[in-house]
Structures are given as C-alpha cells and as structure tokens.
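Peer 1: coords please:
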Amino acid sequence: MKILHTEASCGWGGQEIRILSEASGLMARGHGLQIICPAEACIYEEGKKRGIPTTALPIGRKNLNGLLAMRRWLASHPVDLLNSHSSTDSWLAALALATLPSPPPLVRTRHISAPVSGNFATHWLYTRATAHIVTTGERLRESLIAENTYPATQITSVPTGIDTEWFRPPEAGERAAARAALGLPENALLIGIVATLRDWKGHQYLIEAFAQQAGALDRPDRPARLVIVGDGPQRRIIVPQIQSLGLAERIVMPGNREDVRPWLHAFDLFALPSYANEGVPQALMQALACGLPAVTTDVGSIGELTRDQAGDETALVVPPENSAALGEALIRLATNEPLRQRLGAKARAHIAAHFNRETMLDRMEGIFRRVVGQGCKP
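Peer 2: Numbers count the residues shown, from 1 in each chain. Okay, the predicted model is just below:
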C-alpha cells in the first residue's frame, strides 16, 4: 500500500514518535510511506533522518493556503490511504480529499483524551469524511462512542507499541554505568520523569511533592534527586518554581534526549502525574518495560498500563493534581523494596505481552488493508 501520514503539529512527543515508528515499521514490511508536515515541525527533520520520505507543506494552520497546498500534493501524488493525526491536518486533509474526483480513504488517529466538539462540522469530519478512527487507548474509544455518539464499528483502539527488546530492565552493572555516563550521582535515589514540558504532564505537582518529601526520601548514604528529562513550553514556569523552592541543587534538567533508555536505566523510580489529555503515554510504557516501579494517575488510557490482564497492579496510581498523594506514593516505593520488585516485574511482563511494536504494526496494517479494500468504508 501507498500510505501518507499528515501531521500539522510542530512539537515533539509521543504522537510524533508513534508516527515515525509506525511509518518505519510498515516501510520495513514493504509498504510505501510518506509524511507531510510543516517545514518547521520537529518531525520533518526526524523523518528524513530515519529515511522516511518527508515533504514540507504549509499545513500548520487551518487556512486556504494550507488547503490548496494539500490538495495540489494529493492530486499529483496518488496514495492508497491518508492517515491524519492532529486537528489541523485532519481538517485540511478531509476538505482537500472532498474536492478530488477519486480520493483515497482517510483514517484519523486520535492520540489524546481531550474532549471532541459535538458540533455538526466536527461530526461530519469524524463520521462522513473519515473512513475509520484509530484511538491510542480503549478509554479514548469509549469516550468517542458514549460522548460523541460515533459508530462503534468505525473506531478501533490500537495502543502504541514499543520495542521491548530495546526497552528492557538493566542488566548487572548497567545502572551504575548509565549514571556514570550521564554524570548522575552513583549513590543517590533518582526519581525520574521523561515527558515534554507541557502543563498537563503534571511536572509542577511532582516538583511540589519532591519539595514536600525530600527530607523523608533522603538517607545519609543515599540523598534523593529528581531528574526531569524533556523540554517544552513549561520550562519557563518550572525553572522559577524549582528556584523558588530552593531545589536547584537537587533537580537535574538535561532537556530533550534522543535516546532515553540510559536515563530510564539510571532511575530508581519513575513518575508521570499527568492530569489531562493523555492517551497511552509512551514514556510511561518505556519506563514500565524497563522494569521501573512507577507512580502515575488514571487519566486518559493510562489505566491500560497500570493493571495487567489479571487485574494486578503494575504501578501505583494517585489522584491527579494531588502533590500530597504523589509524595506519599513516592515514599511508599522508596521504602519498600519488595513492592518495587513486584511492580517492576509485573510491569515488564504486561508491557512485553500487550504493548510491543509488532502488535501495533499488525493491527494498523490490518485496519489499513480493510479500509483500502472497502474504499471509504472500514
């Protein structure tokens, strides 16, 4: 199949990583893949770096220029299917396809749990203009069915899959080696988060929790440190917060890192206190695959990661926007080694069995084949 991905977002996070992973994986299976995005989008350079044909078009805004550019490209580059990812490129793609004599079907991947408008135009976009909707979690799918009354047969949940051979627990000596290579203290209790610095990721609550419980987390031979991997618009809020709490010497902020596995291997605990918009966050999935005991919230489809098929917990879950509960959970993990070991083992097994990359590729390939085989119907 000839598959086109469109992405209007200029940011960098799990959504963009999934597009690239899915595209490169299906390319390896013999399909033709292309990506269209704005020239200033992070995915533009990353796509080219990974050998995925990537074209820059002015589709970062919902305007006539973007619509015409999208239509011209589609008219001169026939594809079997178009997979859109953000609101802007989904609208531009749907309108452009509506003007073509023989348009390919549109698949809309919904990555986040933010509410979808119930107006007539949006209903048209998700039902009439779109052949199939893919969500990155079952709870997102259920919301579209219950809240927006979209047909259940038109929506499939396909959680993002990761390379569980790459994201694996550290072997003997790897944690110490990772810390040495990254310049992290060998004897510290390292609590880590890997996430784009967006407000809904809950960094501010993690910093508050750390400030409240730093003394209780410390031991004479093992001081506690917080490591915040990632960058984004909230840096301008987070840095002053850290300074005002007097934590500059206890919090490490290395920014974005292309390879996060060494950081995950260096951590003792992982936290992701998101309070909105989540699907199934890749960073949490990667941490659990590495066998890290984690604290998180039950937002979006995170619950699909925090309990396995038997209903056993794979991470501690606290209420969102609650730094006190978050701090208490961190102390519970820090002081209970059997709990850390049990959660880490359960988490690793759950992710390896149900959230691996090949399963994601199998399911997406199946959806694409059905949609293409049936024209504009799933």
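Peer 1: only C-alpha atoms for contact and neighbour calcs from this point on.
Peer 2: Will do.
Peer 1: Now do the strands in the stretch 251-378 of the chain.
Peer 2: For the stretch 251-378 of the chain, the strands identified by DSSP state E, counting those that start in this stretch occupy 251-255, 269-272, 294-296, 316-317, in order along the chain.
Peer 1: and those as a markdown table, adding mean neighbour count and mean pLDDT?
Peer 2: As requested, the strands of the stretch 251-378 of the chain are exported to a markdown table (neighbours: other CA atoms under 10 Å; pLDDT from 0 to 100):
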| stretch | mean neighbour count | mean pLDDT |
| --- | --- | --- |
| strand 251-255 | 16 | 97 |
| strand 269-272 | 26 | 98 |
| strand 294-296 | 25 | 98 |
| strand 316-317 | 21 | 98 |
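Peer 1: Quick one: mean pLDDT for stretch 144-153?
Peer 2: For stretch 144-153, the mean pLDDT works out to 96.
Peer 1: what does it contact?
Peer 2: Residues outside stretch 144-153 that contact it (CA atoms under 8 Å, 6 or more residues apart in numbering) are 116-118, 123, 126-127.
Peer 1: list the contacts for the residue of the chain most remote from its centre?
Peer 2: When distances are taken from the C-alpha mean of the chain, Pro220 lies farthest, 36.9 Å away, according to CA atoms, centre = their mean. When contacts are counted by CA under 8 Å, 6+ apart, Pro220 is found next to no other residue.
Peer 1: For it, grab phi and psi.
Peer 2: Dihedral pair for Pro220: phi -60, psi -40, per degrees, to the nearest 10.
Peer 1: Do you know the pLDDT at it?
Peer 2: Model confidence at Pro220, given as pLDDT, is 92.
Peer 1: now the one 3 residues further on
Peer 2: According to the per-residue confidence, Pro223 scores 97 in pLDDT.
Peer 1: Next, give phi and psi for it.
Peer 2: phi -70, psi 150.
Peer 1: Excluding sequence neighbours, find me the nearest residue to it.
Peer 2: Ala188 (5.0 Å; CA to CA, 6 or more residues apart in numbering).
Peer 1: Show me the helices in the stretch 1-150 of the chain, by range?
Peer 2: 14-28, 42-49, 64-76, 87-98, 120-123, 138-148 (DSSP state H, counting those that start in this stretch).
Peer 1: Could you single out the most deeply buried of these?
Peer 2: Per residue and on average, the most neighbours among those fall to helix 87-98, with a mean of 22 (mean count of other CA atoms under 10 Å).
Peer 1: what inclination does that helix have with respect to helix 64-76?
Peer 2: Taking axes from the mean of the first three to the mean of the last three CA atoms, to 10 degrees, helix 87-98 and helix 64-76 form an angle of 50 degrees between their directions.
Peer 1: picking that back up, report how many residues lie close to the residue nearest to Pro223.
Peer 2: By the criterion of other CA atoms under 10 Å, Ala188 has 18 neighbours.
Peer 1: Over to Ala180?
Peer 2: Neighbouring residues of Ala180 were enumerated by other CA under 10 Å; the total is 13.
Peer 1: any idea of the mean pLDDT in the helix or strand where it lies?
Peer 2: Under the assignment given by DSSP states H and E, the secondary-structure element containing Ala180 is helix 174-182. The predicted model assigns helix 174-182 a mean pLDDT of 97.
Peer 1: Please spell out which residues along that helix are buried.
Peer 2: Judged by neighbour count (16 or more other CA atoms under 10 Å), helix 174-182 contains these buried residues: 175-179.
Peer 1: can you check stretch 357-369 too?
Peer 2: 357-361, 364-365, 367-369.
Peer 1: Closest to Ala283 out of those?
Peer 2: Of all the buried residues of stretch 357-369, the one sitting nearest Ala283 is Arg357; the distance, using CA to CA, is 14.2 Å.
Peer 1: OK, contacts around the closest one?
Peer 2: When the contact criterion is CA under 8 Å, 6+ apart, the partners of Arg357 are 160-164.
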